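Q: Give me coordinates for this.
(chains A and B)
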Protein chains: 2
Amino acid sequence: MTPQRVTLITLGVADLDRAKAFYGALGWIPTADEGAVVFYQLGGLVLGLFGRAALARDQGRPDASLGTGAMTLAQNFGTEAAVDIAYAAAIKAGATALKAPEKVFWGGYSGYYADPDGHVWELAHNPFWPLNPDGSLTLPKT
Amino acid sequence: MTPQRVTLITLGVADLDRAKAFYGALGWIPTADEGAVVFYQLGGLVLGLFGRAALARDQGRPDASLGTGAMTLAQNFGTEAAVDIAYAAAIKAGATALKAPEKVFWGGYSGYYADPDGHVWELAHNPFWPLNPDGSLTLPKT
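A: You can find the predicted model right below:
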């Protein structure tokens, strides 16, 4: 048994200064900057930026070629307009556009971009998933 | 500006049944199973399992070769013993061992494994980061 939770997401980055500049341009404020690693508080969990080589060593596979892309980190919003505003801000901050926000088959509105290291973010409005007042998400009972 | 939050983590998987079986063997209970995608409530966010090809299409890059590894999802625990128990459970569930839990240079205790699709999980005890009673993590003020 492992608990059904995530407490820390660590993104491996090629250039920590570049990554900090990108997330800073999104308006994110580091909660702790320890030099080799930077932490951002996100609700009840933490996101860290960490060098790719250091991450590979830490993972116990220093020679691994680390890939990105088979995982999406999503931010949900209360309206389509809020998605558009955030998407424009990400592109302005230097993100690579993957798919501009559009209405999607499941009834929502969603766009994708990649950060400077290829980590994929989705910005979405899902009318079936209202957010809690603090921005967290509790799945509706089905 | 984008909000400093993650509401949904989606893992691209080669075989949805295999992935469901793995997380099920960890003791995870799906909150919603919609056939092509399965969602698990994790505190204030949600983790989804979704086919790799479908994820690539959804990301707007159907021909992309999606990699894994340059990102770690971590679960923190209150004690080293709890890390050991969870690590053993993951290996028993079919995870690939990357680094058995050990004392690490920053003063904590940490191990890594990969899920059947190569997504990397860290199980850690960080004595400097006490968890909240609900298992969430708030960074200490520095």
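Q: Quick check: the gap between the closest residue to A:F39 other than its chain neighbours and B:G51.
A: If the residues on either side of it in the chain are set aside, A:F39 comes closest to A:A32, at 4.5 Å by C-beta to C-beta, 6 or more residues apart in numbering or on different chains. Where you see a C-beta, it was placed from the backbone N, CA and C, and this is true even at glycine. Plainly put, A:A32 is 37 Å away from B:G51 if you go by C-beta to C-beta, to the nearest Å.
Q: what sits opposite the residue in chain A that chain B sits nearest to in the beta ladder?
A: Across chain A, the shortest distance to chain B (C-beta to the nearest C-beta) belongs to A:G67, at 1.5 Å. A:G67 has these beta-bridge partners by DSSP bridges: B:G69.
Q: And what about the residue most central in space within chain A, helix, strand or coil?
A: Compute the mean C-alpha point of chain A, and by C-alpha atoms, centre = their mean the closest residue is A:L73, 4.4 Å away. Assigned by DSSP: H, G, I helix; E, B strand; the rest coil, the conformation of A:L73 is strand.
Q: how about it, what does it touch?
A: Shown in contact with A:L73 (C-beta atoms under 8 Å, 6 or more residues apart in numbering or on different chains): A:I9, A:H119, A:V120, A:W121, A:E122, B:V6, B:L8, B:I9.
Q: Give me the neighbour count for the closest residue to the last one other than its chain neighbours.
A: Closest residue to B:I9 apart from its sequence neighbours, by C-beta to C-beta, 6+ apart: B:L47 at 4.8 Å. B:L47: 20 surrounding residues under other C-beta atoms under 10 Å in any protein chain shown.
Q: pretty sure B:L47 contacts B:V37?
A: No - counting by C-beta atoms under 8 Å, B:L47 does not reach B:V37; the two are 10.9 Å apart.
Q: Please enumerate the shared neighbours of these two.
A: Counting by C-beta under 8 Å, 6+ apart, the residues touching both B:L47 and B:V37 are B:T10.
Q: For burial, what's the neighbour tally of A:V38?
A: 21.
Q: Where does the record place the domain boundaries for chain A?
A: A:1-65, A:67-133 (automatic domain parsing).
Q: my guess is A:L45 contacts A:L8, does it?
A: Yes - between A:L45 and A:L8 there is a contact under C-beta under 8 Å: 6.4 Å.
Q: what's the overlap in contacts for these two?
A: In terms of C-beta under 8 Å, 6+ apart, A:L45 and A:L8 are both contacted by the residues B:L137.
Q: Tell me who's in contact with the nearest residue to A:V104 once chain neighbours are set aside.
A: Spatially, and ignoring its direct neighbours in sequence, A:V104 is nearest to A:S110 (5.0 Å; C-beta to C-beta, 6+ apart). Counting by C-beta under 8 Å, 6+ apart, A:S110 makes contact with A:V83, A:K99, A:P101, A:E102, A:V104, A:E122, A:L123, A:A124, A:H125, B:D58.
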